[in-house]
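Enquirer: Give me the fold of what follows.
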Amino acid sequence: MKFSKKLGFTVLGLLPTAAIAQETPAIPSVPADAIARIRAEGMNNSKVMATAQVLCDRFGARLTGSQALLDANAWTRDEMASWGMQAKLEAWGPFGRSWELQRTEAQVAAPYVAPLIAVPKAWSPPTAGRLDAEVVIFDPVTDTDYQNATGKLRGKIVLTSKPRELKPEFEPRASRRTDEELQKMAVAPVPTPTATPTPAPNAAPSNAASVPTAAAQRLARKLNFLREQGAALLLDNSNTASGGTVFTASALVPQDKPLSKPTATGRTRLLAQDAEAEGRVLPQMTLATENYNQLYRLVASGQKVRIRAQIASKFGGNARCFNTIAEIPGSDLKDQIVMLGGHMDSWQGSTGATDNAAGVSVAMEAARILLATGLKPRRTIRVALWTGEEEGLLGSAAYVNEHFGRIDTKGTTKTFVPGPEYEKLAAYYNLDNGGGKARGIFAQGNTAAAPYFKSWLSPLADLGAGTTTLSNTGSTDHISFDRIGLPGFQFIQDRLEYFTFTHHSNQDNYDRLQEDDLKQLSVVMATMVYQTAMMDERFPRKPFTP
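Expert: Next comes the predicted model:
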């Protein structure tokens, strides 16, 4: 490896012709003084942790459709307006029913008293008051298992999954990307298009019904049987991690028949969105594996076990959902737009710090930095704080459909219908892979954009953000832009504890955020947004076919 101050590094030897490790042509850049001002403001006068603390601690979990999320919408709007930005809430939907958790409890009552680490699943119906009930196991494989359980589940608290063996964890839970990993990313070739593209979020439903898979039908049979037999509460095991960490999301809904209106997400149907599931779902909690395994062993050995538990939850009407939108007006190119953002909604198990108060706080801080420096962007800079991301990129997809364009599908024919701002968007920068510092950016196969990124990141190489890769990354809001041919990008980030500990878990709280990482992220995002806003030419787009 040969080090280059301009490029971070170049790799010797033969490389794919599209690899980013080739020498970058001259790319116009903003003056070094502007970048220095951004860095000084972001590193010395940062407000990013204060913003994150409000989002996490004041509002708590921000489930889509909840009052807490509405309150966070209003606060982010008002906060950015107080900085001098033009801020508003923009509605999208309909989403479905709102859900609020009002009370939760879980403890062993017999053969001894002991607390349980348990998280109610989102959109779980309430229990019939405070339960004090026997615990049984029901994880059927054969018809005989169903026959043997008939008449034995009424009023019971049911363990519905198998125990999970835990081993000592010799690998560190937190990690940063290595130089070797970043080098491989830097020389990655142009991604090969998939033969069958992933269905677009919020796309218009096709005429075909959504046919349940065999696995979905087996699960539906189990869930329907438990309901018919009168089970009082379903408990399952956290599917990963240990040490009291619980990973959970939404309540399971039987999927044993085609839907007349397939959901947009393609995920397990949510009670919020599926009126057909009304009355067919039982109260549900997920337990920490240590607790679940212990209960399973006791019951399997013949020991009588009782649990006291309660879920007090409330369903509302059709939820009001909004994206928070705020702008810094441009100057001579003010009709053109550079966007940045992240999603503000979270799951219910904790306060959504790394997923994704981090991304929201960084996007807001990047805008605040640009305002504080007094730099005047040529293009208008627009912050978008999305909601409904966890249910399938719903907020960003609705916004893109309205402002930038949509793909209409009739049979096998796809037609792109451009929106009023399709030609005005330069690029969108997203942050939603935890709170680890930026190591570079995914160019999403945009070979023409890659040289710009490499040039713009070069002054940030000493911060560790020097890598550009042509690789794609998905599963977050930049995909809503990318799928209609607009430049939408996600940053490469250090993983820290994101996928091992915090992502969708009860540990995703403010204490997992690292100040130095968030300050660096804010500087990198502000720099990339400002560079894009100051271009003479239009930001390059990759070829697009609906």
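Enquirer: Report the separation between the two terminal residues of stretch 421-429.
Expert: Counting by C-alpha to C-alpha, to the nearest Å, you get 17 Å between the two ends of stretch 421-429.
Enquirer: Identify all contacting residues around it.
Expert: Outside stretch 421-429, the residues that touch it by C-beta atoms under 8 Å, 6 or more residues apart in numbering are 335-341, 379, 384, 403-405, 449, 478, 481, 484, 486-489, 491, 525, 528-529, 532-533, 535, 538-539. Using the backbone N, CA and C atoms, a C-beta is placed for each residue, glycine as well.
Enquirer: Going by neighbour count, which of those residues are buried?
Expert: The neighbour count (16 or more other C-beta atoms under 10 Å) marks 336-341, 379, 384, 403-405, 449, 478, 481, 484, 486-489, 491, 525, 528-529, 532-533, 535, 539 as buried among these.
Enquirer: now, which of the residues you listed lie within helices?
Expert: Judged by DSSP state H, the buried ones among the contacts of stretch 421-429 include 403, 478, 481, 525, 528-529, 532-533 as members of helices.
Enquirer: so which of those would you say is closest to Gly436?
Expert: Distance from Gly436 was checked for each of these by C-beta to C-beta. The minimum falls on Met525, at 13.6 Å.
Enquirer: which element is Thr51 on?
Expert: Using DSSP states H and E, the element containing Thr51 is helix 48-53.
Enquirer: burial count for the nearest residue to Asn293 once chain neighbours are set aside?
Expert: Residue nearest to Asn293 in three dimensions, not counting chain neighbours: Pro163, with 4.3 Å by C-beta to C-beta, 6 or more residues apart in numbering. Around Pro163 there are 16 other residues, counting by other C-beta atoms under 10 Å.
Enquirer: What pLDDT does the model give Pro163?
Expert: For Pro163, the model assigns a pLDDT of 97.
Enquirer: Surely it and Asn291 touch.
Expert: No. Pro163 is beyond contact range of Asn291, at 10.7 Å (criterion: C-beta atoms under 8 Å).
Enquirer: Just give me the neighbour total for Asp536.
Expert: Here the count is done by other C-beta under 10 Å, and Asp536 has 7 residues near it.
Enquirer: list the contacts for it?
Expert: Counting by C-beta under 8 Å, 6+ apart, Asp536 touches Pro28.
Enquirer: same question, Glu389
Expert: 343, 345, 356, 395-396, 432, 476-477.
Enquirer: Can you name the helix or strand that it falls in?
Expert: Using DSSP H and E, Glu389 sits within no helix or strand.
Enquirer: Could I get the pLDDT score of it?
Expert: 96.
Enquirer: can you check Val211 too?
Expert: 64.
Enquirer: quick one on the thing from earlier: so the residue nearest to Asn293, which of the three states?
Expert: coil (DSSP: H, G, I helix; E, B strand; the rest coil).
Enquirer: do you know how far it is from Gly60?
Expert: Distance, Pro163 to Gly60, using C-beta to C-beta, to the nearest Å: 31 Å.
Enquirer: Next, count neighbours for the residue lying closest to Ala367 once chain neighbours are set aside.
Expert: Sequence neighbours aside, Val383 is the residue nearest to Ala367 in space, at 5.1 Å (criterion: C-beta to C-beta, 6+ apart). Val383: 24 surrounding residues under other C-beta under 10 Å.
Enquirer: Just grab the bridge partners of Val383 for me.
Expert: Following DSSP bridges, Val383 is listed with bridge partners Ala326, Leu340.
Enquirer: Which stretches in the chain count as helices?
Expert: Counting by DSSP H, the segments of the chain that form helices are 32-44, 48-53, 67-82, 143-149, 179-186, 214-228, 289-300, 358-373, 394-403, 450-457, 478-482, 515-533.
Enquirer: buried stuff in the longest one?
Expert: Pointing back at helix 515-533 there. Judged by neighbour count (16+ other C-beta under 10 Å), helix 515-533 contains these buried residues: 517-533.
Enquirer: Also the fifth one?
Expert: For helix 179-186, burial by neighbour count (16+ other C-beta under 10 Å) applies to 182, 185-186.
Enquirer: Which of the residues you listed lies at the shortest distance from Asp256?
Expert: Among the buried residues of helix 179-186, Met185 lies closest to Asp256 (C-beta to C-beta), at 42.7 Å.
Enquirer: related to what we said a few turns ago, check contacts around the residue nearest to Ala367.
Expert: Val383 is in contact with 80, 85, 324-327, 339-341, 363-364, 367, counting by C-beta under 8 Å, 6+ apart.
Enquirer: are any of the residues you listed buried, and which?
Expert: Buried subset of these (neighbour count, 16+ other C-beta under 10 Å): 80, 85, 324-327, 339-341, 363-364, 367.
Enquirer: could you dump those residues to JSON lines with pLDDT?
Expert: Below are the buried ones among the contacts of Val383 laid out as JSON lines (pLDDT from 0 to 100):
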{"residue": "Met80", "pLDDT": "98"}
{"residue": "Met85", "pLDDT": "98"}
{"residue": "Thr324", "pLDDT": "98"}
{"residue": "Ile325", "pLDDT": "99"}
{"residue": "Ala326", "pLDDT": "99"}
{"residue": "Glu327", "pLDDT": "98"}
{"residue": "Met339", "pLDDT": "99"}
{"residue": "Leu340", "pLDDT": "99"}
{"residue": "Gly341", "pLDDT": "98"}
{"residue": "Ala363", "pLDDT": "98"}
{"residue": "Met364", "pLDDT": "99"}
{"residue": "Ala367", "pLDDT": "98"}
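Enquirer: Flag the shaky bits of the stretch 351-500 of the chain, pLDDT-wise.
Expert: Residue ranges of the stretch 351-500 of the chain with pLDDT under 70: none are present.
Enquirer: Report the mean per-residue pLDDT for stretch 117-131.
Expert: For stretch 117-131, the per-residue pLDDT averages 97.
Enquirer: so how far is that stretch off the chain centroid?
Expert: On the basis of C-alpha atoms, centre = their mean, to the nearest Å, stretch 117-131 sits 24 Å off its chain's mean C-alpha point.
Enquirer: so which of the contacts of Val383 comes closest to Thr192?
Expert: For the contacts of Val383, the nearest to Thr192 is Met339 (27.8 Å; C-beta to C-beta).
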